[in-house]
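> give me the fold of what follows.
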Amino acid sequence: MSIHVVVMGVAGCGKSTVAEAIRDQLGYVMAEGDDFHPQANIDKMSAGIPLTDEDRWPWLRVINTWMVAREALDQNTVVSSSALKRAYRDLLRENVDVFFVHLAGSQELIYSRLSARKDHFMPPSLLASQFKDLQPLESDENGVVVPVDGTIDEVVAQAVEAVRQYQTSKAANDATVSAAA
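Sure, this is the predicted structure:
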């Protein structure tokens, strides 16, 4: 069975950077979640209008479909996606096992990083709406919280190590299940 990682969190927390590191260090196939947004969503966010659940459902379904297709090819994947609400994460893990890496930090820290970012459609003015929607991982969800208040190298190292540990435990579990069958 393949491993599917969703690097989640509010805009500006470092999802793409961490997903790229997982791709580069662990050899996973990567998808940038923003690339799956329809143009209408990008236009809305560019105009400073927060997305609604109705805007997000089709986008999340496409990401899930991409992961399910990679599962059929026995490919490990990593995707950057805000995955802010439990219901969004539930949709992302339909028909596929997902490990979430939640990059978490204060609104002030993330705002300062988002404000420094250039050439991105997501304006800092939408950050408050993302924090309002954010529902942290629950105890029954498969994942880890990685604080983003350290250096990017520290954040990347923690995230990659968490995925490595998950990969090792999943491989051991899959071997036990195979042996029992």
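> from now on I want contacts and neighbour counts done on CA atoms only, so please keep to that.
Noted.
> check the offset of the longest helix along the chain from the chain's centre.
Secondary structure of the chain per DSSP state H: the longest helix is helix 152-180. Put simply, helix 152-180 sits 16 Å off its chain's centre (C-alpha atoms, centre = their mean, to the nearest Å).
> likewise for stretch 133-151?
Chain-centre distance of stretch 133-151: 10 Å, with C-alpha atoms, centre = their mean.
> which residues are contacting it?
Counting by C-alpha atoms under 8 Å, 6 or more residues apart in numbering, stretch 133-151 makes contact with 9-10, 13-14, 84-86, 98-105, 109, 155, 158-159, 162, all of which sit outside it.
> same check, this time on stretch 5-12
Taking contacts as C-alpha under 8 Å, 6+ apart, the residues outside stretch 5-12 that touch it are 15-16, 18-19, 77-84, 98-104, 110-111, 113-114, 117, 122, 127, 130-131, 134, 163.
> which among those residues end up buried?
Buried members of those, counted by 16 or more other C-alpha atoms under 10 Å: 15-16, 18-19, 77-84, 98-104, 110-111, 114, 122, 127, 130, 134, 163.
> next, give phi and psi for the closest residue to P50 other than its chain neighbours.
Leaving out its chain neighbours, the residue that sits closest to P50 by C-alpha to C-alpha, 6 or more residues apart in numbering is L126, at 6.3 Å. Comment: the main-chain dihedrals of L126 come out as phi -90, psi -10, following degrees, to the nearest 10.
> same question for S80.
The phi/psi pair for S80 (degrees, to the nearest 10) reads phi -90, psi 130.
> so it makes contact with S16?
Yes: at 5.8 Å, S80 counts as touching S16 under the criterion of C-alpha atoms under 8 Å.
> need the overlap of contacts for those two.
Common contact partners of S80 and S16 (C-alpha under 8 Å, 6+ apart): 7, 32.
> so how many other residues sit close to the residue nearest to P50?
As a burial measure, the neighbour count of L126 was computed by other C-alpha atoms under 10 Å and equals 19.
> and the end-to-end length of stretch 94-107?
30 Å (C-alpha to C-alpha, to the nearest Å).
> list the contacts of it.
With C-alpha under 8 Å, 6+ apart as the criterion, stretch 94-107 contacts 3-9, 13-15, 64, 67-68, 71, 92, 127-128, 131, 136-137, 142-149, 159, 163, 166.
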